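Enquirer: Provide a 3D model corresponding to the input given below.
(one chain, ligands or ions: 1)
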Amino acid sequence: MSTSCSFLRVGLFGFVIMAQGLPLAAAEMNWKAGTARAVITPQKPLWMAGYGGRTAPADGKVHELYARVVALEDAAGHRGIIVATDLLGIPQGMYDDICVRLKQRHGLDRSQVMLNASHTHCGPVLKGALHDTYSVNEQQLRDIHEYSDLLITEIVDAVGEAIENMQPATVSRGMGSTDFAVNRRTNREPDVPTLREQNRLYGPVDHTVPVLAVNDASGKLKAVIFHYACHNTTLSFQKWCGDYAGFAQYALEAKHPGALALFCMGCGADQNPLPRRTIELCEQYGKKLATAVEAVLTQPLTPVNSKLEMRHSFVTLAMDPLPSIDQLDKMAAEQPSYSQRWASRLLKEIRAGKVHSRDYAFPIQAWRLGGDQLWIALGGEVVVDYVLRLKAEQGDQIWVSAYANDVMAYIPSKRVLLEGGYEGQSSMMVYGLPTERWSPDIEDRVIQGVIDVVKSLDR
Ligand SMILES: [Zn+2]
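Expert: Sure thing, here's the model as predicted:
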């Protein structure tokens, strides 16, 4: 049966079912799905993640931050867990801890767990992340550790709850778009309103909004998972907030009471929501994204057969050498800043005999839903060139989540790395890795890693 016949059939069938409130036929109900969510808003005035220039902890909240979970199981019992968090990024140590505990508690391996971070810049600092960026004292550091440990427990418990409440479900997919993401490397922020008006914004972007819908036996929406490739940096104030993604999730959940809306960041490391810096703009972008998702949900969706294939791999990314000891000494003698703290810490470590590895184990995950929908999850802050290249090489239908599992640094393409600037180079110090730059072969290594993991789906 052709795809178009099949969604016409399910679309019409779905309509009749929703109108009559009858259960779906058994053949359509061969997925199982469960959902859960945990409030993860810090209860203490913790330091906020994302902008190095902050001088004080959070002093309030716009809305709650959440970890939202969908557990999916196909007809053969293959189980996959999607976690969407209103966080800047989950660092390697916490990713490892969560995976170990999910293995112990539920027998899940890394391929089955996809941890997404929205990259909101109004969320908490987590332990083991961005070591040198923030000027936090000992007590604040203890509070960060205490919160991070609690967060791990909350996520693991929410996964358990989602697994426990799995029920028969249908899964379908669609694709929308919205255009508020702007390439921030090629458009000056103050010029954006005029450039937009004149249709002169330029630089690569990915305005697609991939959508995965999970419906229960009565046809009611149970969860919607959606992507967008754009930094959650509309706001920079001192209040907890999920930024535009937070507002989008809230808007969709208000429209579909009882359903969960899960945001996954795409390859938006060089994309900003522009103009920005007011709560009104933030809410407006959230509504725009929710409207784009809603437009997909109201169209006939493509049904996803009950088949879930999942693979995971680490590929080794190489780092360029550290600056010389002389250069580090000079940087360490400068005024306090993240680069001064970075250089001082590395010097201390080197003088204590520590040898810094030049390799990083970068996580790549590939899911294939229904035998044909590829969903790649990459760690780090991945620039838009990656999704555009993967679409060109693997087909337009591919979905790419970035900021997934372990957010260790920016992941520039070769072009961005050679151009330099924040995403290409200087952000490495912000993240604290022992290098000023990835090796220029980073793009080839990541793309080859994706190709290999995708191929492994057939084994
Ligand atoms: Zn970022």
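
Enquirer: quick check: closest non-adjacent residue to Ala290.
Expert: Ranked by Cβ to Cβ, 6 or more residues apart in numbering and with sequence neighbours excluded, the top spatial neighbour of Ala290 is Ala251, at 3.7 Å. Bear in mind the C-beta positions are built from the backbone N, C-alpha and C, glycine included.

Enquirer: phi, psi for the one you found please.
Expert: phi -60, psi -40 (degrees, to the nearest 10).

Enquirer: go on, Gln335?
Expert: Gln335 adopts backbone torsions of phi -60, psi 150, taken as degrees, to the nearest 10.

Enquirer: could you do the one 10 residues further on as well?
Expert: Note on Arg345: backbone dihedrals following degrees, to the nearest 10 are phi -60, psi -50.

Enquirer: so what's the residue count around it?
Expert: A total of 16 residues lie near Arg345 under the criterion other Cβ atoms under 10 Å.

Enquirer: distance check, it against Arg358.
Expert: As judged by Cβ to Cβ, to the nearest Å, Arg345 and Arg358 stand 17 Å apart.

Enquirer: repeat for Glu197
Expert: Taken as Cβ to Cβ, the span from Glu197 to Arg358 is 47 Å.

Enquirer: between the two, which one's more packed in?
Expert: More crowded of Glu197 and Arg358, by other Cβ under 10 Å: Arg358, with 15 against 9.

Enquirer: need the pLDDT of the more buried one.
Expert: Looking at Arg358, its pLDDT is 94.

Enquirer: what sits against it?
Expert: Arg358 makes contacts with 318-319, 321, 435, as judged by Cβ atoms under 8 Å, 6 or more residues apart in numbering.

Enquirer: tell me which of these fall in helices.
Expert: Among the contacts of Arg358, none falls in helices (DSSP state H).

Enquirer: I'd like those laid out as JSON lines, including neighbour count, pLDDT and distance to Gln238.
Expert: Converted to JSON lines, those look like this (neighbours: other Cβ atoms under 10 Å; pLDDT from 0 to 100; distance: Cβ to Cβ, whole Å):
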{"residue": "Ala318", "neighbour count": "14", "pLDDT": "98", "distance to Gln238": "38"}
{"residue": "Met319", "neighbour count": "20", "pLDDT": "96", "distance to Gln238": "34"}
{"residue": "Pro321", "neighbour count": "12", "pLDDT": "92", "distance to Gln238": "38"}
{"residue": "Thr435", "neighbour count": "22", "pLDDT": "93", "distance to Gln238": "32"}
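
Enquirer: looking at those residues, which are in strands?
Expert: Those of those mapping onto strands are Ala318, per DSSP state E.

Enquirer: among the contacts of Arg358, which two are most distant?
Expert: The distance between the two most remote of the contacts of Arg358 (Cβ to Cβ) is 10.2 Å, for Ala318 and Pro321.

Enquirer: one step back: how close does the residue nearest to Ala290 sit to Cys122?
Expert: 17 Å.

Enquirer: neighbour count winner among the two?
Expert: Set Ala251 next to Cys122 and count neighbours by other Cβ under 10 Å: Cys122 wins out with 28 against 20.

Enquirer: all helices of the protein, in order?
Expert: Per DSSP H, the chain carries helices over the ranges 3-20, 92-106, 138-164, 192-197, 243-255, 279-297, 325-332, 338-351, 384-394, 414-419, 421, 427-431, 442-456.

Enquirer: stretch 427-439 spans what distance, first to last residue?
Expert: 14 Å (Cα to Cα, to the nearest Å).

Enquirer: same question, stretch 110-119
Expert: The distance separating the two terminal residues of stretch 110-119, taken as Cα to Cα, comes to 21 Å.

Enquirer: going forward, begin numbering at 611 instead of 1
Expert: From this message on, residue numbering opens at 611, which makes the last subject stretch 720-729.

Enquirer: now it, how far from the chain's geometric center?
Expert: From the chain centre to the centre of stretch 720-729 is a distance of 7 Å (Cα atoms, centre = their mean, to the nearest Å).

Enquirer: thinking again about what came up before, hang on, the residue nearest to Ala900 packs against Lys897?
Expert: Yes - with contact defined as Cβ atoms under 8 Å, Ala861 and Lys897 form a contacting pair (5.7 Å).

Enquirer: what sits in contact with each of the two?
Expert: Joint contacts of Ala861 and Lys897 (Cβ under 8 Å, 6+ apart) do not exist.

Enquirer: that older thread, Serialize the helices of the chain to a markdown table and add fields for distance to Ala833 and mean pLDDT.
Expert: Converted to a markdown table, these look like this (distance: least, Cβ to Cβ, whole Å; pLDDT from 0 to 100):
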| stretch | distance to Ala833 | mean pLDDT |
| --- | --- | --- |
| helix 613-630 | 16 | 32 |
| helix 702-716 | 19 | 98 |
| helix 748-774 | 10 | 97 |
| helix 802-807 | 33 | 98 |
| helix 853-865 | 10 | 98 |
| helix 889-907 | 12 | 98 |
| helix 935-942 | 47 | 95 |
| helix 948-961 | 38 | 92 |
| helix 994-1004 | 23 | 97 |
| helix 1024-1029 | 34 | 98 |
| helix 1031 | 38 | 95 |
| helix 1037-1041 | 32 | 89 |
| helix 1052-1066 | 25 | 98 |
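
Enquirer: next, format those as JSON lines and append distance to Phe836.
Expert: Conversion of those to JSON lines gives the following (distance: least, Cβ to Cβ, whole Å):
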{"stretch": "helix 613-630", "distance to Phe836": "19"}
{"stretch": "helix 702-716", "distance to Phe836": "22"}
{"stretch": "helix 748-774", "distance to Phe836": "18"}
{"stretch": "helix 802-807", "distance to Phe836": "23"}
{"stretch": "helix 853-865", "distance to Phe836": "8"}
{"stretch": "helix 889-907", "distance to Phe836": "5"}
{"stretch": "helix 935-942", "distance to Phe836": "42"}
{"stretch": "helix 948-961", "distance to Phe836": "33"}
{"stretch": "helix 994-1004", "distance to Phe836": "15"}
{"stretch": "helix 1024-1029", "distance to Phe836": "26"}
{"stretch": "helix 1031", "distance to Phe836": "29"}
{"stretch": "helix 1037-1041", "distance to Phe836": "26"}
{"stretch": "helix 1052-1066", "distance to Phe836": "21"}
